[in-house]
Structure formats: structure tokens, C-alpha cells
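Engineer: sequence first, predicted model second:
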Amino acid sequence: MDGFDLLRELTEAHGPVGHEDEPRELVAREFERSVDRVRVDAMGNVVGTVEGEAGGARADDGPELLVAAHMDEIGFVVRHVDDEGFVRVAPLGGWNPEILRSARVRIHTGGGESEGERSEPSERTGSRATRGAPVDGVIGAVPAHVRDTEGEQDVTDVAVDLGLDAEAARERVSVGDAVTMRAPTERIGDCVSGKALDDRAGVWAMLRAAERADPDATVHFVATVQEEVGLRGAEAVGVDVDPDLAVAVDGTLERAVPGVDPAERVTALGAGVGVKHKDATVVPTPAVVGRLEALAEERDIPFQREVAANIGTDTGALQTAAGSTPVGALSVPVRYHHSTVETAHVDDLAATVDLLTAAVEAGPDGLR
């Protein structure tokens, strides 16, 4: 697969909601190779701008396109270290508790309160000077010998075992520290599997399109933050950048697995990039949807029409953040959403890059 090393680097990076530092550094590094200007806004969105040639002597006289993909991943934040040394957490984004048993996690220390700011003496940690290195741990599983199926684990029941007693755990970990999953990204058959393909696969496609495309319009490529908790990064950048048209790239549901009714599958692995017609946050502009599909047909890019009920994308925020903006959305089909084994087909990844590149080159005028 062309570009697998970058995709693996992006997906294995740790960047939970509100703590997107690692993927932000990777995105900025890659943008330096392909865009004219790179900046990071106050919220943490990375904006890479390619100055267009259309519209006269100055680039800002011409049309502007915004392309967005979110770089945050679901995670947790530490809320308590108990008297046995177990770390209790609160979710950042939507988790299925079934996948949390036997998971390996990493706590990113340094995000919580300092000792002097603590109101609860029992929650104190050691000096900040002695902390800072990530701390790895595991979420345990109830042995099958004693498992009570009536007492299934809920997200609020998650306890991270650091292999430390309470004193040592509190010395290393603070309330407010971010927590992410640890999982490798691997090739399996015709697919790629790992954590955070939602939406680092979209970020990867955006970076590849930024490198390949030769647009006439000015294009703002944006890696957004905090999508998983309400599209907050896209809403902020949509005020700061007022494009003539916006396209977001995100992972979408793929449930073509045993036991799922075909009507509920949304997309299928290997059938091409998704062109969104609806999700829980947006009905994309019909003319833009039609033009994206026409581009795919003209360039023989495999695509599938997507209608999803239970997910949202940055497109929803971009459509209304600065008034009314025409929008479209492309989707990477991802199986086993919000897990450490999210899976995408290499052909769908390639098709996403191809169609996004075509859309960038078409520009706002060619997509309306």
C-alpha cells in the first residue's frame, strides 16, 4: 500500500480529544512539504493553505475551498486514583464498554492540577517536576471462571491497573491526565487495522491530496480538533476561515459483518469512497453531492452512496459556522468503529485520495 508508513504513524500517534499534540506535530510536518502557509489556531486546529492562482493578481481575490478532517481520537481523562492504586476515568467521546476489557492504555501525564491546586488531600500527587513521562497500564477483565453476565462493565466502571500501589500511582498520575489506547496498526489481507482510523485515515487522505493536487483556487486544508465531542474544532475554524465551499473527510460506519441486516450496513469494505447524502448532523448540499459523484464517474473512481443515522461529521459544523456554506462530505468506510481494531480497505483509502484530489482541483466553482 502506497503511503502505509504515514498512515501507521498517524494512527499510532496518541491524540485524544483536547490533547491532539502528537498528530498535530505530524500534520504540521507533512504540510510543510506541500502547502504555502501553515498555522495553528488558538483551539489547536492545524491550517495548511495553498494560495490559488484564480481571481487575479492576489490569491484572496479568488474562490476559496476548505477541506477538513479531524485528528482527535476518543479516549479518557483521569478523574480519581483510589486507595488501591487503580485509576478511574471519564470518557472523551463515545465508547462501547465491550471492547475495553483487556485493553492496553497509556496515561499522558501533565494535564491535571498541580499539588498546590488540589482541594482534596486524598487526591494529591507528587511534585510536577517528578512527573511527565507517559505511564502505561491495562484495563483488566473478569476471569471467565467467576464472570457474572448480569453485571456487565459500563464505561463508568473502567479501572486502569498501573501495577503500582496507591502512593506510587498518585506520584505519577493526576486528575485531568489524558488516557489513550495502545494498539499497533497492521496490514491484514487487503485491509489496514488499528486504532484511530476514525479519523486519521481521513487526515491521511487529506495530506495525500494536498501533496498531489494542483488547484487553481485557494485551499485551506484543516486538521481539526475535538470532533468527537461535538464538532467543536470545525465550528471554530469555520468562523475563522470563511470559504466559498467546504468538504470534510471522515470515517463512516461499515457493518457488512455476520448478523447485521444489509439495510443497516451503511457502507461495504472495498466498494469505494463514500459520498455522503445524510448523517445525524448534516444533509450536504445536493448540488455538491451530485458533482462529487459525477467527478468519481468521470475519473472511474469507485464510490458508494452513504446515508447514516447515528454518526456526525465536521461537515455539519462547517455548513453553518459562518452563515450558510455549501458543503460536501467524503467518507472512508471503517469496520469496528471506535475500537482498537478499526479496519479499512486499501482500495477505499486510495479511492478517497483520488476523489478528494479531484475535488480540490475542481475547486468551489467546479463543485457547485
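Structural biologist: Looks like it arrived, so ask away.

Engineer: just the pLDDT at the nearest residue to R232 once chain neighbours are set aside, thanks.
Structural biologist: Nearest-residue entry for R232: Q226, 3.9 Å, with adjacent residues in sequence omitted and distances by CB to CB, 6 or more residues apart in numbering. The C-beta positions use only the backbone N, C-alpha and C, and glycine is treated the same way. As predicted, Q226 sits at a pLDDT of 95.

Engineer: so how far is H338 from Q226?
Structural biologist: 16 Å (CB to CB, to the nearest Å).

Engineer: is H19 part of a helix or strand, or is it coil?
Structural biologist: Secondary structure for H19, judged by DSSP: H, G, I helix; E, B strand; the rest coil, is coil.

Engineer: from now on call the first residue 18
Structural biologist: Shifting the count to begin at 18 puts that one at H36.

Engineer: what about it, neighbour count?
Structural biologist: The number of residues packed near H36 is 24, by other CB atoms under 10 Å.

Engineer: same check, this time on A285
Structural biologist: A285: 17 neighbours (other CB under 10 Å).

Engineer: and it, that one's in a strand?
Structural biologist: No - applying three-state DSSP, one finds A285 to be coil, outside a strand.

Engineer: show me what contacts it?
Structural biologist: By CB atoms under 8 Å, 6 or more residues apart in numbering, the contact set of A285 is E271, A273, Q321, P350.

Engineer: for these, which two are the farthest from each other?
Structural biologist: A273 and Q321 (11.0 Å; CB to CB).

Engineer: and for these two, which residues touch both?
Structural biologist: T284, A285.

Engineer: between those two, which one's more packed in?
Structural biologist: Q321 (20 against 17).

Engineer: the nearest residue in space to L384 that is not next to it in sequence is in what secondary structure piece?
Structural biologist: Nearest residue to L384 in three dimensions, chain neighbours excluded: R308, at 4.8 Å (CB to CB, 6+ apart). Per DSSP states H and E, R308 falls inside helix 303-315.

Engineer: hang on, isn't A376 packed against E310?
Structural biologist: No - using CB atoms under 8 Å, A376 makes no contact with E310, being 11.1 Å away.

Engineer: so the two - more neighbours on which side?
Structural biologist: Legend: neighbour count by other CB under 10 Å for A376 and E310, higher for A376 (28 against 17).

Engineer: can you pull the phi/psi pair for the more buried one?
Structural biologist: Per-residue torsions, A376: phi -70, psi -40 (degrees, to the nearest 10).

Engineer: show me where pLDDT drops low in the protein?
Structural biologist: 71-78, 128-148, 158-170 (pLDDT under 70).

Engineer: the domain parsing of it - what is it?
Structural biologist: As assigned by automatic domain parsing, the chain contains the domains 21-90+212-383, 92-198.

Engineer: please identify the helix or strand for the residue most central in space within the chain.
Structural biologist: Nearest to the mean C-alpha position of the chain, by CA atoms, centre = their mean, lies D216 at 3.2 Å. If you go by DSSP H and E, D216 is part of helix 214-229.

Engineer: I'd like the next helix or strand past that helix.
Structural biologist: Downstream of helix 214-229, the next assigned helix or strand under DSSP H and E is strand 235-241.

Engineer: partners of that following strand, with directions?
Structural biologist: The pairing partners recorded for strand 235-241 under DSSP bridges are strand 63-67 (antiparallel), strand 81-87 (parallel).

Engineer: return the most buried member of those.
Structural biologist: Of these, the one with the most neighbours on average (mean count of other CB atoms under 10 Å) is strand 81-87, at a mean of 29.

Engineer: helices or strands up against the helix or strand that comes right after that strand?
Structural biologist: Remark: after strand 81-87, the chain's next helix or strand is strand 92-98, criterion DSSP H and E. Counting by 3 or more CB pairs under 8 Å, 6 or more residues apart in numbering; DSSP states H and E, the packing neighbours recorded for strand 92-98 are strand 104-109, helix 183-189, strand 195-198.
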